[in-house]
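K.L.:
Mind folding the following:
(one chain, ligands or ions: 1)
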Amino acid sequence: MIRQTTLKKYADEVFYRPHIQKYLKENVSRFPFKNVKNWSPEILVSDTCGVNTAGQIWLNSKYADEIPILEMSKWILASDKEAKRVVRHEIAHIVQFLCKYDEIGTWHGRGFNIALKIVSPKNYKRGKHSDRGWHETSDILKARKVFHPLTKVR
Ligand SMILES: [Zn+2]
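P.N.:
All right, here's what the predicted structure looks like:
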């Protein structure tokens, strides 16, 4: 079971990677500010965001200095690997939002793909190792059943 503080550290590690910061500096168009500083998300752990929703990001376009909140389902924390995958996926949503790629295609469409490729250059494609979504493990299934007793293998 990965801890919330570990996930926060991981989110900072990913968000502040030099190539992501450089990309944001060059491509952020959401705000009249060019300097995106404090947009690594805070981590909020809830019992569940939904039977298939491992995480969701809360963003506000009005204020450049408002820190996004990444709400995570407790059951995804059963797998360190998958919880970290969700952090990368949601950080891609932050990049998508900051660069206004949410105006290109759907929430998981073309604009999201551009952002995911920046955040997860090795895992942005569809398939077994993809950061497009989380992957079921026996530990996750067990944890999901606590909150969603009728759930089946995903
Ligand atoms: Zn998503």
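K.L.:
Output the contacting helices and strands for the lowest-mean-pLDDT helix or strand in the chain.
P.N.:
Here the helix or strand of the chain ranked lowest by mean pLDDT, DSSP states H and E is helix 18-27, holding a mean of 93. Here helix 18-27 touches helix 80-98, helix 110-119, going by 3 or more Cβ pairs under 8 Å, 6 or more residues apart in numbering; DSSP states H and E. To be clear about C-beta, it is placed using only N, CA and C from the backbone, and glycine gets the same treatment.
K.L.:
between the ones you listed, which gets nearest to Arg17?
P.N.:
Nearest of the helices and strands packed on helix 18-27 to Arg17, taken as Cβ to Cβ: helix 110-119 at 8.5 Å.
K.L.:
ok, back up a step: can you put the helices and strands packed on helix 18-27 in JSON lines and add mean pLDDT and mean neighbour count?
P.N.:
Output for those, formatted as JSON lines (pLDDT from 0 to 100; neighbours: other Cβ atoms under 10 Å):
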{"stretch": "helix 80-98", "mean pLDDT": "97", "mean neighbour count": "23"}
{"stretch": "helix 110-119", "mean pLDDT": "97", "mean neighbour count": "20"}
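K.L.:
now these in a markdown table, with distance to Met1?
P.N.:
Shown next, in a markdown table, are the helices and strands packed on helix 18-27 (distance: least, Cβ to Cβ, whole Å):
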| stretch | distance to Met1 |
| --- | --- |
| helix 80-98 | 8 |
| helix 110-119 | 24 |
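K.L.:
gap between the least confident helix or strand of the chain and the chain center?
P.N.:
In terms of Cα atoms, centre = their mean, to the nearest Å, the centre of helix 18-27 is set 17 Å apart from its chain centre.
K.L.:
Could you check that helix and say which residues are buried?
P.N.:
20, 23-24, 27 (16 or more other Cβ atoms under 10 Å).
K.L.:
Give me the average confidence score over the helix or strand just after it.
P.N.:
Per DSSP states H and E, the first helix or strand lying C-terminal to helix 18-27 is strand 42-46. Taken as a whole, strand 42-46 carries a mean pLDDT of 97.
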